[in-house]
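J.: build me a structure from this.
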Amino acid sequence: MTQKITALSSNLIETMGVKKSFKKSDHQDLLVLEDVNFILRENEIVALLGKSGSGKSTLMRIISGLIPATAGEVIYLGKPVNGPVKGMAMVFQNFALLPWLTVLQNVELGLEALGVSKSERRARAIEAIDVIGLDGFESAYPKELSGGMSQRVGFARALVVDPTVLLMDEPFSALDVLTADNLRSDLLDLWQEKKTHIKGIICVTHNIEEAAILADRILIFGADPGYIKDDLAVDLPRPRNAQDPKFRKLVDEIYTLMTTPSADRISVAGVRYKTIGLGFRLPYVEISELTGFMEALDSPDYQDRVDLPELAEDLQLNVDDLFHIIEALEIMRFAYVSKGDIELTGAGKLFAQADILRRKQIFAAHLLSYVPLARHIRRVLDERPEHVASEDRFLRELEDYLSQEAAEEVLKIVIEWGRYAEIFAYDYNTGILSLENPE
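T.: Numbering: from 1, shown residues only. Now for the predicted structure:
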């Protein structure tokens with residue numbers, strides 16, 4: 001059975017100017033979301049798509065009323081959301097089942113919290129378990145269930161409260177590919193056959209094909225802070241075939257939108273490169289990933305320009321890993337992306353074809369030229385008489401821009417890159433950076 005996108009009648013949820021920041025210190029906030037505006041309409045599935053750290057899950061918690069917005073507001077069925085509201089239910093990435101309760105008891109939990117009588121909640125829980133395909137497992141304990149079955153319990157627990165809006169925060173990401181495909185298909189069957197009273201779904205994902213399979217609209221998020229970069233309508237009938245040329249064209253369009261250069265670029269010889277500041281949150285990418293990726297791009301298997309969806313499939317990379325590697329290569333001027341394709345720069349090709357020593361020299365030159373933190377560390381070490389400094393000194397500087405966790409991650413990756421390039425040395429036990437092995 002196919003389903004054409006129907007005319008949408010009314011607004012279920014509206015976010016208006018939503019902003020969220022978290023306190024870092026007495027004098028500084030960390031801005032996570034800024035000026036997020038969108039509408040969920042009746043009979044619509046909306047996917048929130050973006051790399052990790054773009055604020056998608058934070059937005060979901062604001063919409064559900066679990067945390068407040070710093071500014072702006074969320075409207076549900078015409079009324080402001082100031083806390084958890086009846087009519088919205090959420091399915092999380094982790095199954096969050098209580099191990100000492102049976103499947104039936106886990107599903108009943110939400111109804112019990114709402115004060116529903118024992119007989120009614122038992123009947124409703126059994127019905128939800130049947131709808132989600134777990135009949136026969138009512139008396140099973142979580143330890144007896146596979147990952148897919150455990151997530152089905154999570155769906156049943158959400159459905160049993162009879163929600164109008166279902167919120168899903170990466171509900172399939174902890175599952176293997178086949179199990180995730182199966183559960184997605186079952187969810188779409190429930191949606192299309194109107195087996196529940198759900199009128200709208202919002203799903204957070206970082207899987208591009210998942211968004212293309214599920215959604216009527218895809219909101220593509222930019223990061224630092226999170227914002228809606230693009231709002232893409234999906235006009236494909238269901239069920240959608242991942243091998244259909246129209247579907248592949250949609251996936252390619254999403255890749256193009258996600259890699260379209262933003263304002264933080266400069267143009268060099270007609271190519272727009274990403275530029276960063278000292279406190280930029282660098283992608284956490286290991287040297288082996290960068291070198292392996294450049295070697296793959298330079299192999300005879302590909303022409304100069306490579307289609308990103310094709311590359312992701314060939315290298316078995318999820319979207320987060322793929323975009324982190326791409327971002328690192330663009331920052332270092334080893335590759336650039338245009339219209340959903342990636343191509344090595346001249347320096348990237350030289351690196352891929354060089355021996356180990358020459359690779360280190362090329363990497364060092366680019367690291368000092370294009371990564372301000374690496375250049376700053378080396379300058380401090382050069383200027384000090386003993387050529388040493390504690391990592392804590394640089395960590396404190398980064399915490400002026402980033403959370404403590406993000407600052408530690410950024411410093412860790414720059415130290416790894418710097419050691420590989422031999423622009424400085426590092427003692428893990430003491431946390432001391434030095435020019436112990438100078439050029």
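J.: any regions of the chain where pLDDT drops low?
T.: Within the chain, the ranges that satisfy pLDDT under 70 run 1-9, 24-28, 261-274, 436-439.
J.: the stretch 51-200 of the chain: strands as residue ranges?
T.: Using DSSP state E, counting those that start in this stretch, the strands of the stretch 51-200 of the chain run over residues 71-76, 79-80, 88-91, 165-169, 200-205.
J.: what lies in contact with the fourth one?
T.: Contacts made with strand 165-169 from outside it, assessed by C-beta atoms under 8 Å, 6 or more residues apart in numbering, are listed as 12-13, 40, 57, 60, 63-64, 76, 87-93, 158-159, 198-204. In this view, the C-beta of every residue, glycine as well, is placed from N, C-alpha and C.
J.: how about JSON lines for the strands of the stretch 51-200 of the chain, with mean neighbour count and distance to D224 added?
T.: What follows is those, written out as JSON lines (neighbours: other C-beta atoms under 10 Å; distance: least, C-beta to C-beta, whole Å):
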{"stretch": "strand 71-76", "mean neighbour count": "17", "distance to D224": "18"}
{"stretch": "strand 79-80", "mean neighbour count": "10", "distance to D224": "28"}
{"stretch": "strand 88-91", "mean neighbour count": "22", "distance to D224": "25"}
{"stretch": "strand 165-169", "mean neighbour count": "23", "distance to D224": "20"}
{"stretch": "strand 200-205", "mean neighbour count": "25", "distance to D224": "18"}
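J.: same list (the ones you listed) but as a markdown table, adding distance to I413.
T.: Below are the strands of the stretch 51-200 of the chain laid out as a markdown table (distance: least, C-beta to C-beta, whole Å):
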| stretch | distance to I413 |
| --- | --- |
| strand 71-76 | 32 |
| strand 79-80 | 41 |
| strand 88-91 | 33 |
| strand 165-169 | 27 |
| strand 200-205 | 25 |
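J.: how is this structure carved up into domains?
T.: Listed by automatic domain parsing, the domain ranges of the chain are 11-258, 265-351, 368-434.
J.: which of those domains sits closest to L357?
T.: domain 368-434 (9.9 Å; C-beta to C-beta).
J.: now do the helices in the stretch 301-439 of the chain.
T.: Ranges of helices in the stretch 301-439 of the chain, per DSSP state H, counting those that start in this stretch, are 308-315, 319-331, 346-353, 356-370, 372-383, 391-398, 404-421.
J.: could you say which of those helices is packed most deeply?
T.: Across the helices of the stretch 301-439 of the chain, averaging neighbours per residue (mean count of other C-beta atoms under 10 Å) puts helix 319-331 on top, at a mean of 21.
J.: go ahead and name everything in contact with that one.
T.: Counting by C-beta under 8 Å, 6+ apart, 51-52, 206-208, 258-259, 273-274, 276, 282-285, 289-290, 293-294, 308, 311-312, 315, 317, 335-337, 342, 348, 370-371 sit against helix 319-331.
J.: now do 6 Å
T.: With C-beta atoms under 6 Å, 6 or more residues apart in numbering as the test, helix 319-331 has contacts from 51-52, 206, 208, 274, 276, 283, 285, 289, 293, 312, 335, 370.
J.: and which of these is nearest to Q151?
T.: For these, the nearest to Q151 is H206 (17.0 Å; C-beta to C-beta).
J.: contacting residues around the closest one?
T.: H206 neighbours (C-beta under 6 Å, 6+ apart): 319-320.
J.: ok, now V46?
T.: Applying C-beta under 6 Å, 6+ apart to V46 gives the contacts 40, 202, 217.
J.: for L435, same thing?
T.: Counted by C-beta under 6 Å, 6+ apart, L435 has contacts 381, 387.
J.: gap between it and A364?
T.: 13 Å (C-beta to C-beta, to the nearest Å).
J.: mutual contacts of the two, please.
T.: Overlap of the contact sets of L435 and A364 (by C-beta under 6 Å, 6+ apart) is empty.
J.: which residue, other than its chain neighbours, is closest to L311?
T.: Excluding its sequence neighbours, the residue lying closest to L311 (C-beta to C-beta, 6 or more residues apart in numbering) is I342, at 6.8 Å.
J.: might you report the residue contacts of that neighbour?
T.: Contacts were defined as C-beta under 6 Å, 6+ apart; by that measure I342 touches 306, 308, 335.
J.: and the helices of the stretch 301-439 of the chain as CSV, adding distance to L114?
T.: As requested, the helices of the stretch 301-439 of the chain are exported to CSV (distance: least, C-beta to C-beta, whole Å):
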stretch, distance to L114
helix 308-315, 43
helix 319-331, 36
helix 346-353, 58
helix 356-370, 55
helix 372-383, 51
helix 391-398, 45
helix 404-421, 36
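J.: please identify which of those helices is closest to V107.
T.: helix 319-331 (31.5 Å).
J.: make sure D231 is indeed in a strand.
T.: Yes - membership of D231 in a strand is supported by DSSP: H, G, I helix; E, B strand; the rest coil.
J.: for the closest residue in space to it that isn't next to it in sequence, list each beta-bridge partner.
T.: When the adjacent residues along the chain are set aside, D231 lies closest to L219, with 5.7 Å between them (C-beta to C-beta, 6+ apart). L219 has these beta-bridge partners by DSSP bridges: L48, D231.
J.: then R238?
T.: Going by DSSP bridges, R238 forms beta bridges with Q3.
J.: gap between it and L48?
T.: For R238 relative to L48 (C-beta to C-beta), the value is 20 Å.
J.: what about the two, which has more around it?
T.: L48 (29 against 18; other C-beta atoms under 10 Å).
J.: you'd agree that one is up against V204?
T.: Yes - applying C-beta atoms under 6 Å as the test, L48 and V204 come out as touching, 4.8 Å apart.
J.: ok, of the contacts of helix 319-331, which come out buried?
T.: When these are checked for burial by 16 or more other C-beta atoms under 10 Å, the buried set is 51, 206, 208, 274, 283, 285, 289, 293, 312, 335, 370.
J.: any idea how far R333 is from the last one?
T.: If I follow you right, that is Y370. Distance, Y370 to R333, using C-beta to C-beta: 6 Å.
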